[in-house]
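> Fold the stuff below for me.
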Amino acid sequence: MRRIVIAAVAMAVMSSLGVTAAHAGTPTSEPGAAAKEYCAVLVGKPTAKDAVSPVLGQACSTASPEEARTLMEADANADSRAAGGPVALSSDLLMTAWEDSYYNGSSTNFYGSAGPCDSSGYSLHLDTGWFSWGDRISSAAGTAQCRIARFHTQSATYSLAFRLPTPGLGSTLNDNVDLVQIWNG
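Now for the predicted structure:
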């Protein structure tokens, strides 16, 4: 009974802050309000050439991108400790994706645990359980080390590479992305 009360109090506090921890769904907001959602996803290096980068932590917040990153790092550290592994130490920004063109609306920051992009880069699968952003991406920006991204449609029948940033993905890819390969080129 005590655990239920503690969990209910924690959820009430998080809800009042507009914060959702990883694996808990989408953030809450006032009815009728279109609050921006900020998400953060930490990925590791793919284990093989054509493999997808494993998700090590993820979280969303309606407060700020910094809050989402803090929650994501806590999620990654908790999962790592639970698995008996080391705590994730690095989280370099790889790419930011926005739900609207020209870098507007809700956004997701993707971080790499193995450092910034190199020539092999990372492969970001945009539907990782509760986190699903593939049907929302319209624009994206990389970093000085992550300058090229290939976006693949959800049906895996079309892909197109962009030099980042790109203010729009075009009609075929807009709100229709499943996989993003990002690297330094």
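> Contact partners for Ser139?
Contact analysis of Ser139 by C-beta atoms under 8 Å, 6 or more residues apart in numbering lists 97-98, 100-104, 165-169. (C-beta placed from N, C-alpha, C; glycine too.)
> In ChimeraX, how would I select the buried members of the residues you listed?
Here is the ChimeraX command that selects the buried residues among the contacts of Ser139 (16 or more other C-beta atoms under 10 Å):
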select :97,98,100,103,165,166,169
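> okay if I get the contacts of Ser139 as JSON lines plus secondary structure, distance to Ala48 and pLDDT?
As requested, the contacts of Ser139 are arranged in JSON lines below (DSSP: H, G, I helix; E, B strand; the rest coil; distance: C-beta to C-beta, whole Å; pLDDT from 0 to 100):
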{"residue": "Ala97", "secondary structure": "strand", "distance to Ala48": "24", "pLDDT": "96"}
{"residue": "Trp98", "secondary structure": "strand", "distance to Ala48": "30", "pLDDT": "97"}
{"residue": "Asp100", "secondary structure": "strand", "distance to Ala48": "34", "pLDDT": "96"}
{"residue": "Ser101", "secondary structure": "coil", "distance to Ala48": "34", "pLDDT": "97"}
{"residue": "Tyr102", "secondary structure": "coil", "distance to Ala48": "36", "pLDDT": "98"}
{"residue": "Tyr103", "secondary structure": "coil", "distance to Ala48": "33", "pLDDT": "97"}
{"residue": "Asn104", "secondary structure": "strand", "distance to Ala48": "36", "pLDDT": "97"}
{"residue": "Pro165", "secondary structure": "coil", "distance to Ala48": "29", "pLDDT": "98"}
{"residue": "Thr166", "secondary structure": "strand", "distance to Ala48": "28", "pLDDT": "97"}
{"residue": "Pro167", "secondary structure": "coil", "distance to Ala48": "33", "pLDDT": "98"}
{"residue": "Gly168", "secondary structure": "coil", "distance to Ala48": "32", "pLDDT": "97"}
{"residue": "Leu169", "secondary structure": "coil", "distance to Ala48": "27", "pLDDT": "97"}
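> out of the contacts of Ser139, who's nearest Arg69?
Closest to Arg69 out of these is Ala97 (14.7 Å), distances taken as C-beta to C-beta.
> how far away is that closest one from Tyr122?
With distances taken as C-beta to C-beta, to the nearest Å, Ala97 is found 13 Å from Tyr122.
> Residues that sit against both of those two, list them.
Phe110.
> Excluding chain neighbours, give the residue nearest to Ser53 in space.
Among residues not flanking Ser53 along the chain, Val43 sits closest, at 3.8 Å (C-beta to C-beta, 6 or more residues apart in numbering).
> wait, doesn't that neighbour sit right on Met72?
No. At 10.6 Å, Val43 does not count as touching Met72 under the criterion of C-beta atoms under 8 Å.
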